[in-house]
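>>> Predicted coordinates and the sequence they were generated for:
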Number of protein chains: 2
Amino acid sequence: MRADAKEPRSRRERPAKPALTRAGIVAAAVEVMRSEGLERVTMRRLAQELDTGPASLYVYVANTAELHAAILDELLGAVDLSAGRAGGDWRDRLLGVLTSYIEVLFEHPALARSALVARPSGDHYLDLVEAVLALLAEGGVAPARAAWGVDLLLLFATSTAAEQSTRDQDAGAQDDWDALTGVLRAASADRHPHIAALGDTLLSGTGPARLTWGFQALISGLLATPVPDTTGPPGRRS
Amino acid sequence: MRADAKEPRSRRERPAKPALTRAGIVAAAVEVMRSEGLERVTMRRLAQELDTGPASLYVYVANTAELHAAILDELLGAVDLSAGRAGGDWRDRLLGVLTSYIEVLFEHPALARSALVARPSGDHYLDLVEAVLALLAEGGVAPARAAWGVDLLLLFATSTAAEQSTRDQDAGAQDDWDALTGVLRAASADRHPHIAALGDTLLSGTGPARLTWGFQALISGLLATPVPDTTGPPGRRS
DNA sequence: TGCTCGTAACGAACATGTTCGTTACCGTCG
DNA sequence: CGACGGTAACGAACATGTTCGTTACGAGCA
């Protein structure tokens, strides 16, 4: 960004730019994503958008993963939390909220992967956690169990979406899929009898059906499994 | 790698090198990992090790994620599957196998992340799937449900390990953790009453305890949740 | 008014993943 | 015996993430 033919002194001519703040960076990132796709949201592209150099961004954003997590939190504003406040069985409503969450993730699986690395801690994510906790409480789940349960549910949703990363994206997805089915089918009955016996059943079911089943299993499981008596003091998980 | 001072004609002098095959590449990758750490296992470093250029590797390995997945499969040879064949309750034994699996992952969280992207399909991974399926069958879990269940269990294990990626690694882990606790504690009682009420409980429990609880919840859940009648033909999950 | 100094921003650099067009080898055919 | 063609391998290039030392700016002070 030197004094080339283009934009000789753009900083003066466009004082509307947010002047390098974290919120501004994230906003610009979201905008670039909406107009050019997530893969174009690179540090350099973003710096160009903000009329600066890549290095400057690192003052406000630790790395690309954190940036993506911030973008994700922005998108999480679209999660339909009202599903939790409607009528009907609390389990069904919980399923509704989780489904809404995962629908957002499925649109940008790469973001889900970032969310696994740099866990989102934005307002929208907290809203989601709050909604899930409220539903669990309504279902009579003990607080300690709900605390672990919300983690379990959201981790499952996030990682399921993350898993789809390369599968859905572009071409080559079908190749991957074919390769996987091939490997499973080729499993010798000698070494892997159960795999061979199950065959295609391992891969059966459409995405949504498996997803719903998974959520229901998780809910049932956490309802049935008490946490080990005292949940000691908080500390680094290691 | 031109005719510089070093190794003018190394290819002739070291005919022992595996001469560029996928197995050889993966073997070299594992060796580099063991001696210099995973972060040093880069395409360039690997090419140098094999006395070739980075581009040549792409004939046998699609990308870095796939390479890492291949490495992981190699490490999965260390999973203690014999735990599944010992005596005692099948659930306990299943827990033992899963724990052994996750112990391997926890040593190299970055690999777990790759496994989410490029799902491993090596022999050792199939062995693991087979062992889990055998235990589920022993527990009387219906085949269709076991097929989905093994996916659920392994996805949980893998993503839990992947989540630790940046946390454990090096310094900065503590920073992240502090930031997270800070955010949760700062949750206003107005907007997020349940979060505020739970407080530290959300972060309570040591890693192993939470992990064990998660596995048990998953097992209970899949035992309690029937799959939707017919599990149609296999197809792309979308 | 002129100087100093702390901080935000910057430019340049390095290592990485990945791709592209080209080259060198080797068995095959005329 | 010599030309051909296919395939494995290669070198160079490009875009990316990230870091480092340096610069420019503006507030506070002499």
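Sure thing, it's come through. Numbering: from 1, shown residues only, chains lettered A, B, ... in the order given.
>>> how far off helix B:143-163 does the longest helix belonging to chain A point, in degrees?
Scanning chain A for the longest helix, with DSSP state H as the assignment, gives helix A:143-163. Interaxial angle, helix A:143-163 versus helix B:143-163 (axes from the mean of the first three to the mean of the last three CA atoms, to 10 degrees): 90 degrees.
>>> what about helix A:143-163, distance to the chain center?
11 Å (CA atoms, centre = their mean, to the nearest Å).
>>> Mind checking the pLDDT average for that helix?
Confidence for helix A:143-163, expressed as mean pLDDT, is 93.
>>> any idea which helix or strand comes after the helix or strand bottoming out on mean pLDDT in chain A?
When the helices and strands of chain A are compared on mean pLDDT, DSSP states H and E, helix A:10-13 comes out lowest with a mean of 36. For helix A:10-13, the following helix or strand on the C-terminal side (DSSP states H and E) is helix A:22-36.
>>> buried set for that next one?
For helix A:22-36, the buried set under the neighbour-count rule, 16 or more other CB atoms under 10 Å in any protein chain shown, comprises A:Ile25, A:Val26, A:Ala28, A:Ala29, A:Val32, A:Met33. In this view, the C-beta of every residue, glycine as well, is placed from N, C-alpha and C.
>>> before we move on, what about stretch A:220-232?
Using 16+ other CB under 10 Å as the burial criterion, the residues of stretch A:220-232 that qualify are A:Ser220, A:Gly221, A:Leu222, A:Leu223, A:Thr225, A:Val227, A:Thr231.
>>> what's the most distant pair in those residues?
The most widely separated members of the buried residues of stretch A:220-232, counting by CB to CB, are A:Ser220 and A:Thr231 (21.5 Å).
>>> that older thread, could you point out which of the buried residues of helix A:22-36 is nearest to DNA strand C?
For DNA strand C, the closest of these turns out to be A:Ile25, at 9.8 Å, with distances computed as CB to the nearest atom of the strand.
>>> Around DNA strand D, pick out the residues from chain A.
With CB under 7 Å from any atom of the strand as the criterion, chain A meets DNA strand D at residues A:Arg40, A:Thr42, A:Met43, A:Arg44, A:Arg45, A:Pro54, A:Ala55, A:Tyr58, A:Asn63, A:Thr64, A:Ala65.
>>> From those residues, which land in helices?
A:Met43, A:Arg44, A:Arg45, A:Pro54, A:Ala55, A:Thr64, A:Ala65.
>>> unless I'm mixing things up, the first one is touching A:Leu57, no?
Yes. Using CB atoms under 8 Å, A:Met43 is in contact with A:Leu57, at 5.8 Å.
>>> what do those two both touch?
A:Leu67 (CB atoms under 8 Å, 6 or more residues apart in numbering or on different chains).
>>> Compare these two (neighbour count), which wins?
Each of A:Met43 and A:Leu57 had its neighbours counted (other CB atoms under 10 Å in any protein chain shown), and the higher figure belongs to A:Leu57 (22 against 18).
>>> and the more buried one, how far is that from chain B?
Applying CB to the nearest CB, to the nearest Å, the value for A:Leu57 to chain B is 18 Å.
>>> repeat for A:Glu39
Distance from A:Glu39 to chain B, counting by CB to the nearest CB: 15 Å.
>>> Now that residue: closest residue in space that isn't a chain neighbour?
Leaving out its chain neighbours, the residue that sits closest to A:Glu39 by CB to CB, 6 or more residues apart in numbering or on different chains is A:Ala110, at 7.7 Å.
>>> do the same with A:Glu107
Using CB to CB, 6+ apart, the nearest residue to A:Glu107 is A:Leu75, at 7.9 Å.
>>> Could you look up the SS state of the one you found?
Of the three states, A:Leu75 takes helix under DSSP: H, G, I helix; E, B strand; the rest coil.
>>> got it, and A:Tyr60?
Secondary structure for A:Tyr60, judged by three-state DSSP, is coil.
>>> Point me to the residue of chain A nearest chain B.
Residue nearest to chain B within chain A (CB to the nearest CB): A:Gly221, separated by 2.6 Å.
>>> ok, back up a step: just the buried ones from the residues of chain A next to DNA strand D?
Applying a neighbour-count criterion of 16+ other CB under 10 Å, the buried members of the residues of chain A next to DNA strand D are A:Met43, A:Arg45, A:Thr64, A:Ala65.
>>> how does chain A divide up, domain by domain?
Domain assignment for chain A, taken from automatic domain parsing, gives A:14-61, A:79-224.
>>> before we move on, the earlier item: now tabulate the ones in helices among the residues of chain A next to DNA strand D in TSV and tack on distance to DNA strand C.
Rendered in TSV, the data for these read as follows (distance: CB to the nearest atom of the strand, whole Å):
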residue	distance to DNA strand C
A:Met43	9
A:Arg44	8
A:Arg45	14
A:Pro54	6
A:Ala55	3
A:Thr64	13
A:Ala65	15
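>>> which of the residues you listed sit farthest apart?
When these are compared pair by pair using CB to CB, the two farthest from each other are A:Ala55 and A:Ala65, 17.6 Å apart.
>>> Look at the residue most central in space within chain A and tell me its secondary structure.
Per CA atoms, centre = their mean, the C-alpha nearest to the average position across chain A is that of A:Ala112, at 2.9 Å. Of the three states, A:Ala112 takes helix under three-state DSSP.
>>> got any ranges where chain A has weak pLDDT?
In the predicted model of chain A, residues A:1-19, A:165-179, A:187, A:206, A:230-238 satisfy pLDDT under 70.
>>> hmm, 80 instead?
For chain A, applying pLDDT under 80 flags the ranges A:1-19, A:84, A:164-189, A:203-206, A:229-238.
>>> Now do the phi/psi pair for A:His108.
The phi and psi values for A:His108, taken as degrees, to the nearest 10, are phi -140, psi 70.
>>> I'd like the distance between it and A:Phe215.
Distance of A:His108 to A:Phe215, computed by CB to CB, to the nearest Å: 20 Å.
>>> between those two, who's got more neighbours?
With neighbours defined as other CB under 10 Å, A:His108 and A:Phe215 compare such that A:Phe215 has more, 22 against 19.
>>> Might one say that that one is in contact with A:Leu98?
Yes. The pair A:Phe215 and A:Leu98 qualifies as a contact (CB under 8 Å) at a distance of 5.5 Å.
>>> shared neighbours of those two, anything?
Shared contacts of A:Phe215 and A:Leu98, defined by CB under 8 Å, 6+ apart, are found at A:Leu153, A:Ala157.
>>> Keep only the buried ones among the residues of chain A next to DNA strand D that also lie close to chain B.
Near chain B, judged by CB under 8 Å from any CB of the partner chain, the entries from those are A:Ala65.
>>> so which helix or strand takes in A:Leu105?
A:Leu105 belongs to helix A:90-107 when assigned by DSSP H and E.
>>> cool, A:Ala69 as well?
Take DSSP H and E as the rule and A:Ala69 turns out to sit in helix A:64-75.
>>> cool, and A:Leu218?
With elements delineated by DSSP H and E, A:Leu218 resides in helix A:207-224, which encompasses its position.
>>> can you give me how far that helix is from the chain middle?
That offset, for helix A:207-224, works out to 18 Å (CA atoms, centre = their mean).
>>> Nearest to A:Val104, out of the buried residues of stretch A:220-232: which one, please.
A:Leu222 (22.9 Å).
>>> which one is that closest one nearest to, not counting chain neighbours?
For A:Leu222, ignoring the flanking residues on the chain, the nearest one in space by CB to CB, 6+ apart is A:Gly149 at 4.1 Å.
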